[in-house]
Each structure stands twice: as structure tokens, then as C-alpha cells.
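Participant: below is the structure, and that's it, no one-letter string:
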């Protein structure tokens, strides 16, 4: 099997280089790759790359994920999040390849308090959400064989993430204020990558699994709950922290105005994914604890 991986240096792309390797030959590209074009602002170059590589599977881990910045550069966000995936889908349809793509809970309006189903009405609140939704639509309209995984609150041990930020602030400050009215499930890039590899193996045998799936870790929490878990874990590991256990204040989203509106409800129902691919999704705490063990060097 030949796999073309795009966005190789992002959090998910980095983990995919590991998880996809046992499946076959992986050609991994990023936006600055030289011999083949991995730059999603160059749509013709992306199409040419797919034709030259002639992969069995295309895995798209590239995206414009700077949610607030997207509000001021909508055309760039659309090129990367919608138009380029549309090109990949067209080429996949022409060649018979599978396309694996990642989307987001931001396609919903964040209302209510029940987990979102794949069949629920969409209603993005931001440029990021709108462009990711258009990307989904272009893939489906192409008629190519595809797996679209909607996820949320993605983190990786490599690079910056919410946990690292909270640990830094907990070392520097006497008290913290963290949002408590956005609810979701922190989801590891390693979990996404491992499930992707499993799903590709299944898809090769059962083309009828083509479609849209929600993929997040089990359980739910707020950003405040997430921060508290991280700081408590670090404290138990002997990390010196300035902030007191009772000095992590829960505040509403309105306390931190941002250019892009965040959804309050990021819960996602993963029943379809678990049933179709015979998978169990571990609780978010398990993945976060593993990531913290890695970044704390314990």
C-alpha cells in the first residue's frame, strides 16, 4: 500500500508518520516540502503531487487551525481548509484512492448539552468552522471513497498545547482563571493517528464504511476541569507550583473575548465510529495523563 500523508509536521501528522508506517510506504509532505508540493495554497501543485505519487490512500492532516487568525484571513483559511481538500477529493475520485480527512466540532453552533451526532444540523459560528464544513461538503460531493473524522480539543506531547500553558502559568502565578462553560473531551493526536491506521485497514476490506464519523476521547470536561486535572497531576508528581489548589477560578467564556466565537457544547457522540470499526475510546484522562508523564519527564 502506498500512502500520501499531507501536513506531516502538525500534531496529528507527526503521530501519523508513526502509526501509518506498518501499513506500507508513506510519502510524507509538509507545506515546505521541496521535491513534491505540499503547499495547500498551490492547488495545481497539490493535484500534480497526487498524480505523481499515485497513492492508494491520501491522508490529509493539513489545516488552517489558527481559529482567531482565520477571522482576519478568510481566503487563506478557505484555500487550506476547503479548496485544497476538494482538490484531493477530486484526484482521489479520479484514481480510486481513499481520502482520509479531519474535521471539527466547530461545524456545529455549540448549542444544547447533548453529544452531537453525525446527522445533526450544522451551523458554524466562525470562519474556521465554515471553511472546515465546506471542506467536508466538497469531499462528499466528489464521490470519492473517504473517511472524515470530526474531532475536537486535540493535543500532542510535541510542541505547544493547553497543558503546557497551564503548567507554565501555574509555576508563575498565585491564581488562574479558566473557562468552565465550554464542554468537550481532550483528544490525543496519538489516539487519532492509531484509530486512523485501524480504520484504513478496515476500509481496504470494507469499502462500504466510507463516510463521516465523530472521533474524540471518552468522557467530557470543561477547560477548567482539564486545567485542574493537569495541575493536580503535576503536583502529585512533585512539580513545584506557585498556584494553590483552590486558586484556579472557574470563569465564563465572556471573561476572555476572542475574534472567533467558541462553541459551548463540543460533546460528540462516537457510537457510529465504535460500532463500525469495533473500537473502544478510552477516557480523556488516560491520554492526558500519558502525555503529562512524557512532557514532565517522569
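Facilitator: Looks like it arrived, so ask away. Keep in mind that what you see is a predicted model, and the values were worked out from it rather than measured. Residues are numbered from 1 along each chain as shown.

Participant: ok, now which ones touch residue 108?
Facilitator: 116, 120, 122-124, 129, 263, 265 (Cβ atoms under 8 Å, 6 or more residues apart in numbering). Yep, even glycine has a C-beta here, placed from its N, CA and C like the rest.

Participant: which of those residues has the most neighbours?
Facilitator: Counting neighbours by other Cβ atoms under 10 Å, residue 129 comes out on top of the contacts of residue 108 with 27 neighbours.

Participant: which helix or which strand is home to residue 294?
Facilitator: Using DSSP states H and E, residue 294 sits within helix 284-296.

Participant: shaky segments in the chain?
Facilitator: Within the chain, the ranges that satisfy pLDDT under 70 run 298.

Participant: just the helices in it please.
Facilitator: Counting by DSSP state H, the segments of the chain that form helices are 11-20, 43-53, 67-70, 74-78, 84-95, 127-142, 162-172, 189-205, 223-236, 271-277, 284-296.

Participant: can I get those in JSON lines with distance to residue 34?
Facilitator: Listed next are the helices of the chain as JSON lines, based on distance: least, Cβ to Cβ, whole Å:
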{"stretch": "helix 11-20", "distance to residue 34": "17"}
{"stretch": "helix 43-53", "distance to residue 34": "12"}
{"stretch": "helix 67-70", "distance to residue 34": "26"}
{"stretch": "helix 74-78", "distance to residue 34": "22"}
{"stretch": "helix 84-95", "distance to residue 34": "18"}
{"stretch": "helix 127-142", "distance to residue 34": "26"}
{"stretch": "helix 162-172", "distance to residue 34": "31"}
{"stretch": "helix 189-205", "distance to residue 34": "25"}
{"stretch": "helix 223-236", "distance to residue 34": "39"}
{"stretch": "helix 271-277", "distance to residue 34": "36"}
{"stretch": "helix 284-296", "distance to residue 34": "31"}
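
Participant: nearest to residue 183, of those?
Facilitator: Closest approach to residue 183 among these is made by helix 223-236 (8.7 Å; Cβ to Cβ).

Participant: quick one: buried residues of the closest one?
Facilitator: Buried residues in helix 223-236, counted by 16 or more other Cβ atoms under 10 Å: 223-231, 233-234.

Participant: burial of residue 8, as a residue count?
Facilitator: For residue 8, the count of nearby residues is 21 (other Cβ under 10 Å).

Participant: can you tell me how far it is from residue 141?
Facilitator: Separation of residue 8 from residue 141 (Cβ to Cβ, to the nearest Å) stands at 27 Å.

Participant: can you check residue 160 too?
Facilitator: 35 Å.

Participant: for residue 30, same thing?
Facilitator: Relative to residue 141, and taking Cβ to Cβ, residue 30 is found at 27 Å.

Participant: again, but for residue 119
Facilitator: Residue 119 is 18 Å from residue 141, by Cβ to Cβ.

Participant: residue 249 now?
Facilitator: Counting by Cβ to Cβ, the gap from residue 249 to residue 141 is 46 Å.

Participant: the more surrounded of residue 119 and residue 141?
Facilitator: Legend: neighbour count by other Cβ under 10 Å for residue 119 and residue 141, higher for residue 141 (12 against 8).

Participant: quick one, what contacts that one?
Facilitator: Shown in contact with residue 141 (Cβ under 8 Å, 6+ apart): residue 89.

Participant: please shift the residue numbers so they start at 321 in all later answers.
Facilitator: OK, 321 is where the count begins now, so the last one is residue 461.

Participant: what is the burial count for the residue nearest to residue 614 when sequence neighbours are not counted?
Facilitator: Spatially, and ignoring its direct neighbours in sequence, residue 614 is nearest to residue 477 (4.4 Å; Cβ to Cβ, 6 or more residues apart in numbering). Counted with other Cβ under 10 Å, residues neighbouring residue 477 total 19.

Participant: residue 477 against residue 608, yeah?
Facilitator: No: counting by Cβ atoms under 8 Å, residue 477 does not reach residue 608; the two are 10.3 Å apart.

Participant: what do those two both touch?
Facilitator: The contact sets of residue 477 and residue 608 do not overlap (Cβ under 8 Å, 6+ apart).

Participant: I'd say residue 407 and residue 362 touch.
Facilitator: No: using Cβ under 8 Å, residue 407 makes no contact with residue 362, being 9.9 Å away.

Participant: these two: which is more packed in?
Facilitator: Neighbours were tallied for residue 407 and for residue 362 using other Cβ under 10 Å; the higher tally belongs to residue 407 (22 against 16).
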